[in-house]
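Quick one, what's the 3D model for this:
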Amino acid sequence: MARAGAGGLPAVKSGKIFVIDWSVMNGLNQEVGATYLAKLLHPEADLDPVSVHTEYLKRLGLDMPEGRTFVYPELSGSK
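Presented below is the predicted three-dimensional model:
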């Protein structure tokens, strides 16, 4: 947000800057990433991307990594 010229961008002006971990936006994880992105674009949607992500990892026999940030700032309404 501090980069030269960024101050003129509507997202910077409105404070709606989000960072999404690329690992959930490509490959087999893209369904998880699509859920995070949908919630970012439509916060009123009845979606819980964290639950979707947790279920996805569970089906692969994996646990949700502790202390890892996939979307910043954290989505409101997500567990």
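
Now do the contacts for M25.
Neighbour list for M25: 33, 37 [criterion: CB atoms under 8 Å, 6 or more residues apart in numbering]. Any C-beta I mention is one placed from the backbone N, CA and C, and that applies to glycine too.

ok, now with 7 Å
G33 (CB atoms under 7 Å, 6 or more residues apart in numbering).

Let me know the pLDDT of it.
With respect to pLDDT, M25 scores 93.

now the helices: where do they sit in this structure?
Applying DSSP state H to the chain gives helices spanning 10-14, 30-41, 49-59.

how about the ones you listed, which one is nearest S23?
For S23, the closest of these is helix 30-41, at 8.5 Å, according to CB to CB.

for the closest one, what is the average pLDDT?
When pLDDT is averaged over helix 30-41, the result is 93.

For it, buried residues please.
Judged by neighbour count using 16 or more other CB atoms under 10 Å, the buried positions of helix 30-41 are 32-33, 35-37, 39.

give me every residue that touches M64.
53-54, 57.

Quick check: S23 touching V32?
No - counting by CB atoms under 7 Å, S23 does not reach V32; the two are 9.2 Å apart.

re earlier: closest to M1 out of the helices of the chain?
The closest of these to M1 is helix 10-14. By CB to CB, the value is 5.2 Å.

Format the CA atom coordinates belonging to the closest one as CSV.
The C-alpha trace of helix 10-14 is given here as CSV (Å, rounded to 0.1, in the frame of the first residue of the first chain):
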residue,chain,number,x,y,z
PRO,A,10,-9.6,2.5,-5.3
ALA,A,11,-8.7,-0.6,-3.2
VAL,A,12,-6.1,1.3,-1.3
LYS,A,13,-8.4,4.3,-0.8
SER,A,14,-11.1,2.1,0.6
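
No further questions, thank you.
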